[in-house]
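S.K.: Need the 3D shape of this:
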Amino acid sequence: MKRWLWIILLIALVLAGAFLAMRPQPVEVTAAPVTRGPLRVTVEEEGKTRLRDRFEVSAPVSGYLRRPRWKEGDTVRAGEVAAVLEPLRAQVLDARTREQGEARLNAAEAARRVAEARVSTAGQQARAAQADASYWAGQLQRERPLAKSGDIPQDRLSRTQSEAAQTEAALRAAETAVATARAEVEQARAEVEAARTALLEPAVHHKVQTGGLVTVRWPVSGRITKLLKESEGVVAAGDPLVELGNTRALEVEVEVLSVDAVKMAPGTAVEFTRWGGDKPLEGRVRVVEPSGFTKISALGVEEQRVRVIAGITSPEQEWVRLGHGYRVEAVFILWSGEKVRQAPASALFRSGDQWSVYVIENGHARRKAVQLGHRNGLAAEIVSGLSDGELVIPHPDETVEDGKQVAVKK
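M.R.: Predicted structure coming up:
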């Protein structure tokens, strides 16, 4: 009997082990409760600060810029001297340049002599034309009474009038030629003087010219943000010299995706983080630019982006150390709520044409359809389908099914 008892006991143990081995085991899952609390829908992008009003001071004329006495960061006042320009200095003459200058001087002197000779010739022609005009004018006065009395034929008077008109026109042409020749003489003399000056006055770079200085003054008060010309030297008309602006009037320029830009409008709230301060700064969107542009992302993907300009509304003493071109993280708040029923976004999945979640009820997973409201990357607003405090399963995998026994990981 003892032997049969041990055999029966052994068979019972084998059957119990087989039952336990074949019994379905609960799936280990994590659980997250449905809660109520603040929820925000945001867009985060990197931006940089810039001056709202920036001014660029340029050289009004070509000249030699004296070394500026200003440095970047200096505060200036409107009307103070920003830069001083001297007349351009002569160039150093090498052998070839000197020979070319001498040739130009000889050519200018020859042109002057030709012009003076032309003046003499034109003067002689003018005097001859004056004599002819005087003769025919007198002849016309004498013949007019005779033609009236019939002592001379009328055609003779007509010929005299024609000759008088021709000589008068010749006189005017001769006078014009004299004036032109004299102008050519003056021009030739000026060319001779310019060529002689360029040839006989060598350049001395350390020589300071005191005549013809041009003074450039600050158009507005502000701080210098960039000194484009730090040393003296030659500048052309229109060359930028310095940039300045009011560093107390800063704004933030952010490039956002076009699909996010359409959700923003002037007045949208924004927070600036990771700018170096202890707490975030507050701001408001000022402008959403109407045109976008294409930009290649770090992954090589073409993106359509739009520039959004936001102003800083926090007190100035909180961001006084910010400057032009500083990096900030902009968080645009598209929507926010205080007491919002929400669940982790990772618990949501599509079931047909509805959003669903797995809820833990009595140790089993139950699939429930839910209606969603606003969502961000971490949580979603639950409009209906769940109650506060219910436990949902984040990141459900293929082992979790409706009615499956589950065990919450400790």
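
S.K.: Mind pulling up the pLDDT for the nearest residue to residue 44 once chain neighbours are set aside?
M.R.: Closest residue to residue 44 apart from its sequence neighbours, by CB to CB, 6 or more residues apart in numbering: residue 331 at 5.1 Å. Backbone N, C-alpha and C define where each C-beta goes, glycine included. pLDDT, residue 331: 96.

S.K.: again with residue 291
M.R.: 94.

S.K.: swap in residue 295?
M.R.: 93.

S.K.: okay but it is in contact with residue 307, surely?
M.R.: No - taking CB atoms under 8 Å as the definition, residue 295 is not a contact partner of residue 307, at 10.7 Å.

S.K.: Looking at those two, which is more packed in?
M.R.: More crowded of residue 295 and residue 307, by other CB atoms under 10 Å: residue 307, with 16 against 12.

S.K.: Identify the residues contacting the nearest residue to the more buried one once chain neighbours are set aside.
M.R.: Excluding its sequence neighbours, the residue lying closest to residue 307 (CB to CB, 6+ apart) is residue 289, at 4.6 Å. Residues near residue 289 by CB atoms under 8 Å, 6 or more residues apart in numbering: 306-309.

S.K.: average model confidence for the helix or strand containing residue 111?
M.R.: According to DSSP states H and E, residue 111 maps onto helix 95-149. Per-residue pLDDT over helix 95-149 has a mean of 74.

S.K.: what about residue 221, distance to residue 272?
M.R.: Using CB to CB, to the nearest Å, residue 221 is found at 27 Å from residue 272.

S.K.: sorry, that was for residue 329
M.R.: Residue 329 is 7 Å from residue 272, by CB to CB.

S.K.: before we move on, what about residue 401?
M.R.: For residue 401, the distance to residue 272 - CB to CB - is 46 Å.

S.K.: which of the two has more neighbours?
M.R.: residue 272 (23 against 13).

S.K.: Would you agree the more buried one falls within a strand?
M.R.: Yes - under DSSP: H, G, I helix; E, B strand; the rest coil, residue 272 falls within a strand.

S.K.: Which strand residues bridge it?
M.R.: On the basis of DSSP bridges, residue 272 is bridged to residue 281, residue 330.

S.K.: mind listing what it touches?
M.R.: 47, 252, 280-283, 312, 328-331.

S.K.: At which residues are the strands of the stretch 151-300 of the chain located?
M.R.: 214-217, 222-227, 233-235, 240-245, 250-257, 269-273, 281-296 (DSSP state E, counting those that start in this stretch).

S.K.: Next, work out how far apart the residue lying closest to residue 384 once chain neighbours are set aside and residue 75 are.
M.R.: Leaving out its chain neighbours, the residue that sits closest to residue 384 by CB to CB, 6+ apart is residue 371, at 4.5 Å. As for residue 371, its distance to residue 75 is 59 Å (criterion: CB to CB).

S.K.: likewise residue 333?
M.R.: Taking CB to CB, one finds residue 333 at 36 Å from residue 75.

S.K.: which one of the two has more residues nearby?
M.R.: residue 333 (14 against 11).

S.K.: and that one, what helix or strand is that in?
M.R.: Here residue 333 is assigned to strand 327-344, by DSSP H and E.

S.K.: what touches both of residue 295 and residue 307?
M.R.: Common neighbours of residue 295 and residue 307 (CB under 8 Å, 6+ apart) are residue 255.

S.K.: Touching, residue 296 and residue 302? I think so.
M.R.: Yes - at 6.1 Å, residue 296 counts as touching residue 302 under the criterion of CB under 8 Å.

S.K.: domain parsing for this protein?
M.R.: 25-37+339-408, 42-52+247-336, 55-89+207-245, 95-200 (automatic domain parsing).

S.K.: Tabulate those domains (CSV), appending distance to residue 13.
M.R.: CSV is the format used below for these (distance: least, CB to CB, whole Å):
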stretch, distance to residue 13
domain 25-37+339-408, 20
domain 42-52+247-336, 61
domain 55-89+207-245, 87
domain 95-200, 116
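
S.K.: what's the strand holding residue 333 packed up against?
M.R.: strand 35-51, strand 250-257, strand 269-273, strand 281-296, strand 364-375, strand 379-384 (3 or more CB pairs under 8 Å, 6 or more residues apart in numbering; DSSP states H and E).

S.K.: CA atoms only for the last one - export them in CSV, please.
M.R.: Extracted in CSV, the C-alpha atoms of strand 379-384 (Å, rounded to 0.1, in the frame of the first residue of the first chain):
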residue,chain,number,x,y,z
ALA,A,379,-0.2,63.8,-23.1
ALA,A,380,-3.6,64.0,-24.7
GLU,A,381,-6.9,65.5,-23.5
ILE,A,382,-9.6,62.9,-22.9
VAL,A,383,-12.9,64.3,-23.8
SER,A,384,-14.9,61.1,-23.2
